[in-house]
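Trainee: I need the structure of the sequence given here:
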Amino acid sequence: MELQEGKDKFIQAWGTLGSHWGINRTMAQVHALLLISENPLSAEEIMETLKISRGNANMNIRALIDWGLVFKELKPGERKEFFVAEKEMWEVIRKIIIQRKKKELEPVIRVLNDISNVEQNSPEAQEFARVIEDINLFAQKADSTLEALVKSDQNWFVGTFLKNMMK
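Mentor: Numbering: from 1, shown residues only. Take a look at the predicted model:
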């Protein structure tokens, strides 16, 4: 397989995976392109490579910057902005977890907390409260686990992960 074919396949696959991680396909493709780029790229280079519009490129670059996955890099003598991806995979994973937790898990926990004090004056209301409590308990445990993961050391995580994989 030629290098360019491998890069194209990676960008397409990362884009597809990204949509499963809660980000749009183009955002994931921009991220993939920057991950595998040896040098920082300008918005124009990203647009040309991925065949996307300026607005689409700028919107997705800004979103990746907001997620902490991409950074601006200035080149002396250049007026253009250049962009580079965080390439340390542990940091990439941590930042994705932080954003997914903020976008998905924390809003669910807020709703569950809001509705957990429903009046339990009927069997139906009691069953509702029981189910909400169970879901809330699971959500809180998931939140605690993800928070510990985000704060953990990469070596601890990799060691624990590998140990669990070998069982």
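
Trainee: nearest spatial neighbour of the spatially most central residue of the chain, chain-adjacent residues omitted?
Mentor: Central residue of the chain (C-alpha atoms, centre = their mean): residue 96, 2.8 Å from the mean position. In space, residue 96 comes closest to residue 21 once its chain neighbours are excluded; the distance is 6.3 Å by C-beta to C-beta, 6 or more residues apart in numbering. For every residue, glycine as well, the C-beta is placed using N, CA and C.

Trainee: and the one you found, what does it touch?
Mentor: Residue 21 makes contact with 28, 96, 100, according to C-beta atoms under 8 Å, 6 or more residues apart in numbering.

Trainee: please name every helix or strand in contact with the host helix or strand of residue 124.
Mentor: Element membership for residue 124 (DSSP states H and E) is helix 123-151. Applying 3 or more C-beta pairs under 8 Å, 6 or more residues apart in numbering; DSSP states H and E, one finds that helix 123-151 makes contact with helix 89-100, helix 106-115.

Trainee: so for residue 124, which of those sits nearest?
Mentor: Nearest to residue 124, of all these, is helix 106-115, at 14.1 Å by C-beta to C-beta.

Trainee: which strands and helices lie in contact with the closest one?
Mentor: helix 123-151.

Trainee: what average pLDDT does the helix it packs on get?
Mentor: For helix 123-151, the mean pLDDT works out to 91.

Trainee: equivalent analysis for stretch 80-88, please.
Mentor: In this model, stretch 80-88 has a mean pLDDT of 95.

Trainee: how far away from the center of its chain is that stretch?
Mentor: Distance of stretch 80-88 from its chain centroid, counting by C-alpha atoms, centre = their mean, to the nearest Å, is 16 Å.

Trainee: stretch 73-80 too?
Mentor: Chain-centre distance of stretch 73-80: 28 Å, with C-alpha atoms, centre = their mean.

Trainee: what's the answer for stretch 54-66, then?
Mentor: Remark: stretch 54-66 is offset 15 Å from the chain centroid, using C-alpha atoms, centre = their mean.

Trainee: which of the residues in that stretch are buried?
Mentor: In terms of neighbour count (16 or more other C-beta atoms under 10 Å), stretch 54-66 has its buried residues at 56-57, 59-61, 63-64.

Trainee: all set, thanks.
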